[in-house]
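fold the following, please.
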Amino acid sequence: MPSSPPVRLPLRSIISVLGIFILCQNGCTPDTGIKTLSLTHNLDTKHSVHIAMECMVKRVRELSGGKLNIKIYPNGVLGSEKENLELLQLGSLDLTKVSAAAMESFVVEYQVFGLPYLFRDKEHYFTVLDGPIGDSVLTKGENYWLRGLCFYDAGARSFYTSTPIRSPDDLKGKKIRVMQSITAVEMMRAMGGSATPIAWGELYTALQGGVVDGAENNPPSFYLSRHYEVCKYYLLNEHTMIPDVLIASTHAWDKLTEQEREWLQQAVDESVQVQRKEWKKSEEEALAAVKAAGVEIIRPDKTPFMQSVQDVYQLYRSHEKVYRLIQQIREVESSGASAFSQSEGE
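Predicted coordinates for the structure are as follows:
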């Protein structure tokens, strides 16, 4: 007799089961007066974000005298970024780290971070994130039960491929993996490449099998993913600076007392400083490691790439919120007074 086909649960059912599991881990214990928040991300435990989060956990415990705790679930064990955001909306998860690109489908203003060559340099980038514009964007998701707490540095994204790319002309006809992001797709179209959204966990196989000709990401992600094993050319054209975002479920935030919110936000803010220092170090180590593994690192003239994507900005003239934000960001003067940019030595 043939075996029965496996039962496949709908995504929503899987998320609900995971949510119940987390709630039982954190909430089905005798009341000890200790409040524990659940936090998940899809990064390796060696990543600068995880290192910063471990410092955040320690600091919130110190500030609260042990009354507030955070439990971290790394390596994507609770699902993709999209699934984790859904868990937050359901109130089954308290905190998660996602790319700002993952927030585009909820908050239109987040699309601005995916625009190519918007930031003049790292100092300009940090000045925007640490100032009124960054603070405003973080609050925009509250209507969707998603409250931003901080931005983490995710560096600049560049192309890595199986054949060398030195100019936008070399991208024509090439299938390049991009995130599921409107701006990423439009950017690739403007440069002449074929944007191919593929899940991060499936990308190594796709690169190895020639399903795509390359991808784009920052140096630590290129290295930690081991994509350098199949892509031997890394073009440092640095087309976008898309930050990571630490998001809290408003369900969880609203249950915290004012004092608990202050403890958490202070620990979060301090973790940003740790992460930016760790990120800079990890970028240098990643580039050295892939070069030692035989990757050719190409530093091109960025001007042709910048010129090729100007039409992307025209698409946003009819999007009042995003276009106004673009203008505001361009008008921001880089400031050495940013505490975080100073700590980075920018």
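
domain ranges for this protein?
Here the domain parsing of the chain from automatic domain parsing is 11-104+123-153+244-283, 157-241+290-344.

and F113, which of those is closest to it?
domain 11-104+123-153+244-283 (4.4 Å; C-beta to C-beta). For the C-beta atoms, the positions are set from N, CA and C on the backbone; glycine is no exception.

M188 and P197 touch, don't they?
No. Counting by C-beta atoms under 8 Å, M188 does not reach P197; the two are 10.1 Å apart.

shared neighbours, these two?
Residues touching both M188 and P197 (C-beta atoms under 8 Å, 6 or more residues apart in numbering): V178.

neighbour-wise, which of those two wins?
M188 (25 against 11; other C-beta atoms under 10 Å).

any idea how far A100 is from L236?
Taking C-beta to C-beta, to the nearest Å as the measure, L236 falls 21 Å from A100.

looking at those two, which has the bigger crowd around it?
Legend: neighbour count by other C-beta under 10 Å for L236 and A100, higher for A100 (25 against 15).

the nearest residue to that one once chain neighbours are set aside: how many residues sit nearby?
Nearest non-adjacent residue to A100, counting by C-beta to C-beta, 6 or more residues apart in numbering: F113, 4.4 Å away. F113: 28 surrounding residues under other C-beta under 10 Å.

now H251
By the criterion of other C-beta under 10 Å, H251 has 16 neighbours.

what are the ranges of the helices in the stretch 151-300 of the chain?
182-191, 203-208, 219-224, 250-255, 258-292 (DSSP state H, counting those that start in this stretch).

with mean pLDDT and distance to Y117 added, can I get the domains of the chain in JSON lines?
Formatted as JSON lines, the domains of the chain follow (pLDDT from 0 to 100; distance: least, C-beta to C-beta, whole Å):
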{"stretch": "domain 11-104+123-153+244-283", "mean pLDDT": "90", "distance to Y117": "11"}
{"stretch": "domain 157-241+290-344", "mean pLDDT": "90", "distance to Y117": "5"}
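
the helices of the stretch 151-300 of the chain: which one's closest to T139?
helix 250-255 (10.6 Å).

give me the helices and strands touching the closest one, please.
strand 146-152 (3 or more C-beta pairs under 8 Å, 6 or more residues apart in numbering; DSSP states H and E).

from the rest of the structure, what touches the strand it packs on?
So strand 146-152 is contacted by 48-49, 52, 85, 88-89, 95, 97, 100, 103, 106-107, 129, 134, 137-141, 243-250, 253, 264-265, 268-269, 271-272, 275-276, 279 (C-beta under 8 Å, 6+ apart).

just the buried ones from those residues?
48-49, 52, 85, 88-89, 95, 97, 100, 103, 106-107, 129, 134, 137-138, 140-141, 243-250, 253, 264, 268-269, 271-272, 275-276, 279 (16 or more other C-beta atoms under 10 Å).

about what we covered before: could I get the helices of the stretch 151-300 of the chain as a markdown table with distance to E62?
Output for the helices of the stretch 151-300 of the chain, formatted as a markdown table (distance: least, C-beta to C-beta, whole Å):
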| stretch | distance to E62 |
| --- | --- |
| helix 182-191 | 39 |
| helix 203-208 | 39 |
| helix 219-224 | 28 |
| helix 250-255 | 21 |
| helix 258-292 | 8 |
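
quick one: which of those helices is nearest D301?
Closest among the helices of the stretch 151-300 of the chain, using C-beta to C-beta: helix 182-191, at 14.5 Å.

residues of the strand or helix carrying M306 that come out buried?
Following DSSP states H and E, the helix or strand that holds M306 is helix 303-308. For helix 303-308, the neighbour count (16+ other C-beta under 10 Å) marks F305, S308 as buried.

hey, C-alpha coordinates of that helix in PDB?
As requested, the backbone C-alpha atoms of helix 303-308 are provided in PDB (Å, rounded to 0.1, in the frame of the first residue of the first chain):
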ATOM      1  CA  THR A 303      30.800  57.000 -11.800                       C
ATOM      2  CA  PRO A 304      29.400  54.900 -14.600                       C
ATOM      3  CA  PHE A 305      27.400  52.900 -12.000                       C
ATOM      4  CA  MET A 306      26.100  56.100 -10.400                       C
ATOM      5  CA  GLN A 307      25.100  57.500 -13.800                       C
ATOM      6  CA  SER A 308      23.300  54.300 -14.800                       C
END
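
hmm, I165 is touching K174, no?
Yes. The criterion here is C-beta under 8 Å, and I165 meets it with K174 at 7.4 Å.

which one's more surrounded, these two?
I165 (26 against 20).

ok so, going back, list the residues that contact both of I165 and K174?
The contact sets of I165 and K174 overlap at G214 (C-beta under 8 Å, 6+ apart).

mind listing what the most centrally placed residue in the chain touches?
Nearest to the centroid of the C-alpha atoms of the chain, with distances taken as C-alpha atoms, centre = their mean, sits S99, at 2.2 Å. By C-beta under 8 Å, 6+ apart, S99 lies in contact with E81, A154, M179, I242, P243, D244, V245.

could you do L235 as well?
S158, F159, Y160, T161, P164, I165, R166, I298, P300.

quick check: the residue nearest to I165 when sequence neighbours are not counted vs H227, distance?
Leaving aside its chain neighbours, I165 sits nearest to L235 (4.9 Å; criterion: C-beta to C-beta, 6+ apart). L235 sits 14 Å away from H227, taking C-beta to C-beta as the criterion.
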